[in-house]
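[1] Predicted model and sequence below, questions to follow.
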Amino acid sequence: VQLVESGGGMVQPGGSLRLSCAASGFTFSNYDMTWARQAPGQGPEWVSSINTGGGSTYYADSVKGRFTISRDNAKNTLYLQMNSLKSEDTALYYCVRGSVSDYLNGYWGQGTQVTVSS
């Protein structure tokens with residue numbers, strides 16, 4: 001199993017980033033997927049999840065209306081479009097194989113850093 005995140009970086013408040021997660025080593029389309037994040041000195045925080053077909057999506061209240069999760073099963077890739085970024089979105093963002101209810105016990109990628117700062 002391999003999950004490789006990309007697309008992180010530094011952006012000003014109000015800006016946008018699109019994260020990608022390339023999955024390999026398993027049948028991507030068979031698994032719910034999740035984005036989680038961890039800020040310095042804090043525990044992991046669930047951000048968003050998507051079901052196998054992409055028809056059902058779930059968001060933390062803190063990102064609802066600003067972030068959009070999606071997936072392309074033909075490309076084995078998970079995405080997170082992040083708009084209207086705030087300083088409190090600064091964190092290491094992880095792609096996780098797992099659903100909203102079991103992501104903590106799922107398989108985690110190495111993460112991509114997102115820094116929102118002026």
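    Cool, the structure landed. Numbering: from 1, shown residues only.
[2] How about residue 32, nearest residue that isn't a chain neighbour?
    residue 99 (3.8 Å; Cβ to Cβ, 6 or more residues apart in numbering). The C-beta positions use only the backbone N, C-alpha and C, and glycine is treated the same way.
[3] any idea how far the one you found is from residue 18?
    From residue 99 across to residue 18, the span is 22 Å (Cβ to Cβ, to the nearest Å).
[4] higher neighbour count, these two?
    More neighbours surround residue 99 than the other of residue 99 and residue 18, with 17 against 14 (other Cβ atoms under 10 Å).
[5] isn't that one right up against residue 34?
    Yes - the pair residue 99 / residue 34 is scored as a contact, 6.7 Å apart, by Cβ atoms under 8 Å.
[6] Contacts only, for the residue nearest the centre of the chain.
    In the chain, the centroid-proximal residue (Cα atoms, centre = their mean) is residue 35; its distance is 2.8 Å. Counting by Cβ atoms under 8 Å, 6 or more residues apart in numbering, residue 35 makes contact with 19, 21, 47, 48, 49, 69, 78, 80, 93, 94, 95, 96.
[7] can you check residue 32 too?
    By Cβ under 8 Å, 6+ apart, the neighbours of residue 32 are 49, 50, 51, 52, 98, 99, 100.
[8] Does residue 110 lie in a helix or a strand, and which?
    Under the criterion DSSP states H and E, no helix or strand holds residue 110.
[9] Name the nearest residue to it, sequence neighbours excluded.
    residue 5 (6.8 Å).
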